[in-house]
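Visitor: I would like the atomic coordinates for the input below:
(chains A and B, ligands or ions: 2)
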Amino acid sequence: MDWLFLTEVFLAGLGAGALYAVTGVAFVLIYKATRVVNLAIGEILMLGGYAFFGAAAGWHLPAWIALPVAVLSGALVGAVVERGLIRPMLGESPISVFMVTIGLGSILAGFVQVVWGADPLRLPEFMPSAPIFLGEAYLAPKVAYGFLAAMLVLAACVSALRFSRGGVALKATAADQGAAYSVGIDVPRVFSLSWIVACAVAAGAGVLVGAIGGISPTMGVFGLSVLVVVIVGGLDSMVGALVGGLLIGVVEAFAGTFLGGEYKFLVTFSIMILVLMLRPYGLFGTHEIERL
Amino acid sequence: MAAQHLLEVDNIEVVYNRTIQVLRGLSLVVPKGRIVALLGSNGAGKSTLLKAVSNLLGIEDGAVTSGAIRFEGEDIAALPPHALVRRGLFHVMEGRRIFEDLTVEENLTAATFALSGRGLPTPSFDRVYAYFPRLYERRKGLAGYLSGGEQQMLAIGRALVAEPSLILLDEPSLGLAPKMVEEIFTIIARINADEGVSMLLVEQNATVALAVAHEGYIMETGKLVIEGPVDKLIRDQDVREFYLGLGGAGDAKSYRDVKHYKRRKRWLS
Ligand SMILES: Nc1ncnc2c1ncn2[C@@H]1O[C@H](COP(=O)(O)OP(=O)(O)O)[C@@H](O)[C@H]1O
Ligand SMILES: [Mg+2]
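Guide: Ligands and ions are numbered 1, 2, ... in the order given. Next comes the predicted model:
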């Protein structure tokens, strides 16, 4: 075994894992506030990638404008979906809301296919391309910058949850909606803001994912890995999303390298089942993964 | 006339799940500055009445199907619960409902949302800690680790942060040792006397409730059966027998310290 090679696989895994983690945080945010398992998170990520493409390649805008365009379109979709689709379903069974998010995912995938076609596309280059070495180990620059960006967003989300007044409102709403109302928290606003922020984060992650692997209407399957990540980490735990994301990223990288790409899912799903048997709430979760 | 009362519940009926009727034509008032006790056995509909007043009924699929509830003279039907809190009507729910995974301080911070849009200065929690020094000692700890009595203190502390003019208190004595009940009710009486906050107090412990209250209502299965000033209730033979557990003679367990505050308040006013 070659240690340098192993290190490189490990670093690549961390890079991919950071993107899982940050998308996982978006998922967790929605789940915490509204108890909705949002299966469309992968397609919202995809939409972010396409929005960046549309702005940067279609309108020839510079990346520093195209990136906010992508993030804002995610926020907009989050606002519209929460208000128009999810809020009216308050009180319905979790399974029907879950189905609605699956439907939403197919609509978004169909939409980008109609607008941009079915073929994979490459995002215009916008990150520095000088090779990066950690010691002797080579790291693809996009993966390295993607990792850094994802970690920054993650740190911002985790500290906001821990230290801000809005974080208190979210945790209170997650713990006990009735009690949150009773102390004056505008619970519907917490719902709405968490969808907006989560979808903005997912769309931003889509730009990073697209920059590394390109974009296509099937890019939403990324959401499947994210689902594994949050089930392993705990549906309601941001720290769980971080740890689960990095873990699954690294495991996938090794499985892909040594067993072949087709074994990635087999390995990660096995890990998921193992974790669920030992800890039904996931590694860091406090809430039972309910009625799915 | 009627509009002098802070809270008016006017002949309301409440139904859960569109089928189960729980309140049948119930009316009561809470005058400014007073503590009104609402007594009755388990399942009578006391908590339901409080949830109707704070508009928290909706999230349990309950609804007021007739009658009206007015707070400061205004019909509350269209106001969502958080908006009512921001107008000064605070509901300390049954079972305390503190956020167990949050620290004591975060629980108080959560209640600062009650001040949104009211142009009040940024709250400090000093006043809460002055009433409940034990909460200050434990402010960095998780609320879930507090004792039952301390959790009740925290639930009342959250109400204090919210600067209410009316507090609805649902069974603050529930599950607490007698000594703790006395301590909590002494503070309830003090908050009323010192801050002029009105209270609608639901209790099964009639003795302690009547020790702090000025007026009382007694309800059975969705309807009021007896009402009047506390002095009169205490002399009522039925109340003595069925609610205070007293025979003919005998004296109610005293709660002397609790009554002290009430007396002082009356004496002042
Ligand atoms: N969410 C609910 N759905 C249906 N029925 C309820 C609900 N809450 C309370 N009830 C019923 O309403 C009646 C009054 O309950 P409640 O107001 O909690 O009484 P109390 O507080 O006086 O003990 C009880 O018969 C109870 O079973
Ligand atoms: Mg009750």
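
Visitor: going forward, measure contacts between C-alpha atoms and count neighbours the same way
Guide: OK.

Visitor: Model confidence at residue 71, what's the number?
Guide: Chain wasn't specified; assuming chain A. A:Val71 is assigned 98 on the pLDDT scale.

Visitor: my bad, the chain I had in mind was chain B
Guide: pLDDT for B:Phe71: 97.

Visitor: Can you report phi and psi for it?
Guide: Dihedral angles of B:Phe71 (phi, psi; degrees, to the nearest 10) stand at phi -120, psi 130.

Visitor: what's near enough to touch the nearest residue to it once chain neighbours are set aside?
Guide: Closest residue in space to B:Phe71, ignoring its immediate chain neighbours: B:Leu7 at 4.7 Å, by Cα to Cα, 6 or more residues apart in numbering or on different chains. Contacts for B:Leu7 were tallied using Cα atoms under 8 Å, 6 or more residues apart in numbering or on different chains; they are B:29-31, B:69-73.

Visitor: Quick check on B:Leu7: phi, psi?
Guide: Torsion angles at B:Leu7 (phi, psi; degrees, to the nearest 10) stand at phi -130, psi 130.

Visitor: which residues does residue 85 contact?
Guide: Because you didn't say which chain, this covers chain A. Going by Cα under 8 Å, 6+ apart, A:Leu85 touches A:Val100.

Visitor: should've been chain B
Guide: Contacts for B:Val85 (Cα under 8 Å, 6+ apart) come out as A:182-184, B:54, B:91, B:114, B:162, B:164.

Visitor: The residue in the stretch 51-200 of chain B positioned nearest to ligand 1 and chain A, how far apart?
Guide: For the stretch 51-200 of chain B and ligand 1, the shortest gap (Cα to the nearest ligand atom) falls at B:Glu60, measuring 4.8 Å. B:Glu60 sits 9 Å away from chain A, going by Cα to the nearest Cα, to the nearest Å.

Visitor: is it true that A:Arg122 touches A:Val209?
Guide: No - contact criterion Cα atoms under 8 Å: A:Arg122 and A:Val209 do not qualify, at 10.9 Å.

Visitor: quick one, what contacts the residue of the stretch 101-250 of chain B found nearest chain A?
Guide: Nearest residue of the stretch 101-250 of chain B to chain A (Cα to the nearest Cα) works out as B:Ala114 at 4.1 Å. Contact analysis of B:Ala114 by Cα under 8 Å, 6+ apart lists A:183-185, B:82, B:85-86, B:162.

Visitor: Next, it: secondary structure please.
Guide: Following DSSP: H, G, I helix; E, B strand; the rest coil, B:Ala114 is assigned to helix.

Visitor: rewinding a little: who has more neighbours, A:Arg122 and A:Val209?
Guide: A:Val209 (25 against 16; other Cα atoms under 10 Å in any protein chain shown).

Visitor: Please flag which of the contacts of B:Val85 sit within helices.
Guide: A:182, B:54 (DSSP state H).

Visitor: Tell me which two in the contacts of B:Val85 are the farthest apart.
Guide: Across the contacts of B:Val85, the longest distance by Cα to Cα is 14.2 Å; it joins B:Ser54 and B:Ala162.

Visitor: if you count what's nearby, which of the two comes out ahead?
Guide: Neighbours of B:Ser54 and B:Ala162, each counted by other Cα under 10 Å, are more numerous for B:Ser54; the result is 30 against 27.

Visitor: so the more buried one sits right up against B:Leu79, yeah?
Guide: No - taking contacts as Cα under 8 Å, B:Ser54 lies outside contact range of B:Leu79: 9.2 Å.

Visitor: Which residue ranges of chain A form helices?
Guide: So, for chain A - with DSSP H - the helices run A:3-34, A:41-53, A:63-81, A:94-116, A:141-163, A:165-175, A:177-182, A:187-213, A:222-233, A:238-258, A:264-278.

Visitor: Adding distance to ligand 1, write these out as JSON lines.
Guide: Shown next, in JSON lines, are the helices of chain A (distance: least, Cα to the nearest ligand atom, whole Å):
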{"stretch": "helix A:3-34", "distance to ligand 1": "20"}
{"stretch": "helix A:41-53", "distance to ligand 1": "33"}
{"stretch": "helix A:63-81", "distance to ligand 1": "29"}
{"stretch": "helix A:94-116", "distance to ligand 1": "19"}
{"stretch": "helix A:141-163", "distance to ligand 1": "31"}
{"stretch": "helix A:165-175", "distance to ligand 1": "18"}
{"stretch": "helix A:177-182", "distance to ligand 1": "12"}
{"stretch": "helix A:187-213", "distance to ligand 1": "19"}
{"stretch": "helix A:222-233", "distance to ligand 1": "31"}
{"stretch": "helix A:238-258", "distance to ligand 1": "32"}
{"stretch": "helix A:264-278", "distance to ligand 1": "33"}
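
Visitor: Minimum distance to B:Tyr16: which of the ones you listed has it?
Guide: Shortest distance between B:Tyr16 and those, using Cα to Cα, is found for helix A:177-182: 16.2 Å.
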